[in-house]
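In: Kindly generate the corresponding structure for this input.
(chains A, B, C and D)
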Amino acid sequence: MILILLIIIPLLAAILNVVIGKSSKKARCAVSMASTLVLIILASKVFKTTIGGDIITYEIGNWKPPIGINLVADSLSALMVLLISCIGFLCILYSISYMRPHRGVPAYDSLLMFSITGMIGTVLTGDLFNMFVFLEVMFIAAYPLVGFFGGVEEMEASFKYVVLSTIASVMFLLGIGLVYSATGTLNMAHIAEITGARGGGLLDFALILLLIGLGLVSAIVPLHVWLPDAHPAAPTPISALLSGVTVKVGLYGMIRIIYTMFGFQAVPIGMIIIVLGVATIIIGAGFALVQTDIKRFLAYSTISQVGYITLALGIGTQSGIEGAVFHILNHALMKSLLFLTVGCVIYKIGTRDMSKMGGLLKQMPLEAAAFLVGGLAIAGIPPLNGFFSKLLIYLACFEAGYLIPLAIAIFVSLLTLAYYLRAFWMIFLGKNNIDLKKGRVPLSMLIPVIVLAIACLLIGVLPDIGLSITERISEQILARWMYIEKVLGGAIA
Amino acid sequence: MDLLMGFLFIVIIASAIAAVELKDLLAAALALGACGFFIGVVFFLMMAPDLAIVQFVVETLTLFVLVIAITRTHRRSARSEPVRIRAVLGVIVICIFLLFSFFVIPLMTEFGSPDQRVSQHYIDRGIEETGSENLVTSVLLDYRAYDTLGEIIVLFVSVLAVSLILREKPKGGG
Amino acid sequence: MSLPYLASLALFSIGLYCILVKRDLFKVIYGICLMEFSINLFLVSLGFVTGGEVPISPTGTIVVDPLPQAMVLTAIVIEFATTVFLISVAIRLFKQYEDTDISKMRRLRG
Amino acid sequence: MSLIMRTVSRVLIPFIFVYAIWLILTGHTSPGGAFAGGVTVSLAIALSYVSFGVPLTKERFRYSTVHVGRILGMLGFLVIGATAMVLGKGFLGNFLPKIGGHFTMAGVIIVLSLCIGILVGCEFSLLLYYLFGGEEG
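Out: Numbering: from 1, shown residues only, chains lettered A, B, ... in the order given. Predicted structure coming up:
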């Protein structure tokens, strides 16, 4: 019951925003904010239940799982829903002021809510084809948001994004077709039950195709080319949402498919995932080092961090999953923080070119502090949250004996520190040669930044909470049979 | 029927190649439409009349939209590409094709005898459980109505998106 | 006989080739359409049963699988929505460049 | 366009509409269904654009009507789903009476078809409206 509400509420808010249309800007914001607030409350309720080891299911239309579609929330999905609704709320709050010049376009609010609906639908579903449908909802809401400003750059980024992700979703659909051909069912738990009994060559191909589809969502290396164009082109709150959460939805899907559906032991591709993860780390960091466009810089940094999560997923041990889940949580907070902070800077000086900035420390001390917190956290400096998740990933690498990836990961971490310090120096220190366009940054933009910075600090200072949560989640992910039993209810042909 | 199907596939692939290679964009769009229509006929032969009807009407609409778009963009013909790129990429694509046809298709269940583990339920009990004689409709609007909800959301959002993209006088910004 | 599988694979390859090679916005859209056709064909042929009946008030026991047909119906509409969005972006890009040639667009090259 | 085209369309368009409604309402007993019906409606409107010209068609199928139609379709779908949920049948459950067999009554399926038909028809007509250079109004 509560699970279907998690999908209906943002959907209703989105439709209501279309109904309100041009007549009232304030009402549109109020509807979005209220619905995301309700979502946060419901999601934390679900999270509280599932973290105790329970799995909530909901059967749509009262059809038993392999016949109808069901929604499943284990602790990982609950964490994802919580993240999506929290960061969604902060982004909506942020866009009140940031998008004021474009407030006349009523589609913005509803598209934002539709994309939140798509993400929540993707992480809650227990059915493979339904996952495709909601991924598609998420995509189709993201495309116009990327091209929102309607300039040449935005349109090109949007076109590229659409073409690549359509190819990816076609691959995903082909994978679904192969899975259906091999097992005769679409329910993930049911597939897990069948594949647990017999693996097979066909299912390996299906797995690769499904991972290609999801790898594009999360921008793993050969499929990352859209991200550095799409994320900078979008309005800043949307960049924060895309980089912070949408990319993670792809990673969530990978966890669900690799670990729950196929079972990691039956998967011969751990090595490939590790190699791709390392390549993603290196390429993302390498390109980030030479960017002058600040949002492009952050986008490449996202790619690099996604590489860390992919690496941890490829290891496949429990500590690897812990590291991956913890880094998903941390990176969502850190990257949204950085994008929103940079958005404040752009709002004030009206350019994205880092070489034209400089000496803003005095005018924007708060933003400087927030940027420093985010940058140091991503680089993995001890009292901040990124340190612990990266430490977990290193430990997992070490335990499993992957020493070369470990060395590369640590080296790139130092590189990350270097390029964030470079960016900090270029933006906030040095000579001030720019005149500020507007007065103070509005409060509705500062609050999300402060909240996220405090969250980063809190998780860093009190790592025990995060570590115990991720431990429970990873245990639940590895307990495949419990998932299957809970969803199918033991009564299955 | 095999013969008919084989003939249709040849026509489909020929029109697909025509859609790719024709210089004139309008002619290529027509070739694409022909490809879609013949696929509709194949659907009909594969005992999927619902799909055939939907494919026909959607293809007509796609063709209509494409023709409007091409006439609105004035330029009618595509330029050709350097031969070297075409050759290299062509070889890669053929490799993918061969890889799949040699390794994947033999692994699949024989065409015409699928594993109906779940759908046997729809076939056996569909009519009495949903009251719909058309089993595709019963799957679409009852057993898996939630998918259909997702689908109409996609449709709704895409038209919203088109309205956003085609709006006049966009404002620049950062 | 796995002729439909081979045909849909061939269609898939042609579509992929079109997207990779062609330098025109509309040709890219055609390529995507072809790939989508191939997937639809593939899914429908997955559900085909030799000698099966149409899944509308069947009288016998051998019936064509209705589930892939429902999936394809959903997929067709989703794909149409994506195609329409792509076409509108192409119209918009044309307005800015007065051309639909990709090689003139900075970020789409390669 | 030419007089012949206009005359033919004038005769044809009502028939296409009737065919579309037939497709939507008999989707549970015969091939067709809501999507095909909805798209057929928009094909009729496309024909109207071609034969009667853009201004006249825009007058006949106004933005506001179509806009209301699509929102009604979407909300109708959700309301039916929610009603089923309230009645304890689960979201989008089939809560109306249904009779299988020769003379069928498919319960909620017909209502859902109607909603989808309205929604799809309105969406695609709106799409054509935008493609022919219409603004939101």
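
In: ok, now which ones touch the residue nearest in space to the middle of chain C?
Out: Closest to where the C-alpha atoms of chain C average out (CA atoms, centre = their mean) is C:Glu36, at 1.2 Å. The contact partners of C:Glu36, taken as CB atoms under 8 Å, 6 or more residues apart in numbering or on different chains, are A:Thr166, A:Val170, C:Gly15, C:Ala75, C:Ile76, C:Glu79, C:Thr83. In this view, the C-beta of every residue, glycine as well, is placed from N, C-alpha and C.

In: Just the element for it, please.
Out: Using DSSP states H and E, the element containing C:Glu36 is helix C:25-47.

In: what's near enough to touch the residue nearest to A:Gly380 when sequence neighbours are not counted?
Out: In space, and not counting its chain neighbours, A:Gly380 is closest to A:Lys390: 4.0 Å by CB to CB, 6 or more residues apart in numbering or on different chains. Contact analysis of A:Lys390 by CB under 8 Å, 6+ apart lists A:Tyr308, A:Gly323, A:His327, A:Gly380, A:Ala409, A:Ser413.

In: and with 10 Å instead?
Out: A:305, A:308, A:312, A:323, A:326-327, A:330, A:377-381, A:409-410, A:413, A:416 (CB atoms under 10 Å, 6 or more residues apart in numbering or on different chains).

In: likewise A:Cys29?
Out: A:Cys29 makes contact with A:Asn17, A:Ile92, A:Leu93, A:Ser95, A:Ile96, A:Met99, A:Arg103, A:Asp109, A:Ser444 under the criterion CB under 10 Å, 6+ apart.

In: pLDDT on the helix ranked longest in chain C, on average?
Out: Counting residues, the longest helix in chain C under DSSP state H turns out to be helix C:66-97. Taken as a whole, helix C:66-97 carries a mean pLDDT of 90.

In: likewise stretch A:248-258?
Out: Per-residue pLDDT over stretch A:248-258 has a mean of 91.

In: returning to what we had before: can I assume the residue nearest to A:Gly380 sits in a strand?
Out: No: secondary structure of A:Lys390 (DSSP: H, G, I helix; E, B strand; the rest coil): helix, not part of a strand.

In: That one and chain C, how far apart?
Out: 32 Å (CB to the nearest CB, to the nearest Å).

In: With A:Leu488 instead?
Out: Computed with CB to the nearest CB, the distance linking A:Leu488 and chain C is 18 Å.

In: can I assume that residue is in contact with A:Ala189?
Out: Yes: with contact defined as CB atoms under 10 Å, A:Leu488 counts as touching A:Ala189 (5.3 Å).

In: tell me, what's touching these two both at once?
Out: A:Thr57, A:Pro65, A:Pro66, A:Asn70, A:Gly126.

In: of the residues you listed, closest to chain B?
Out: Ranked by distance to chain B (CB to the nearest CB), the shared contacts of A:Leu488 and A:Ala189 are led by A:Pro66 at 5.0 Å.

In: what's the closest one sitting at in phi/psi?
Out: Torsion angles at A:Pro66 (phi, psi; degrees, to the nearest 10) stand at phi -70, psi -20.

In: burial count for it?
Out: A:Pro66 has 22 neighbouring residues, counting by other CB atoms under 10 Å in any protein chain shown.

In: distance of B:Ala31 from C:Phe48?
Out: Counting by CB to CB, to the nearest Å, the gap from B:Ala31 to C:Phe48 is 26 Å.
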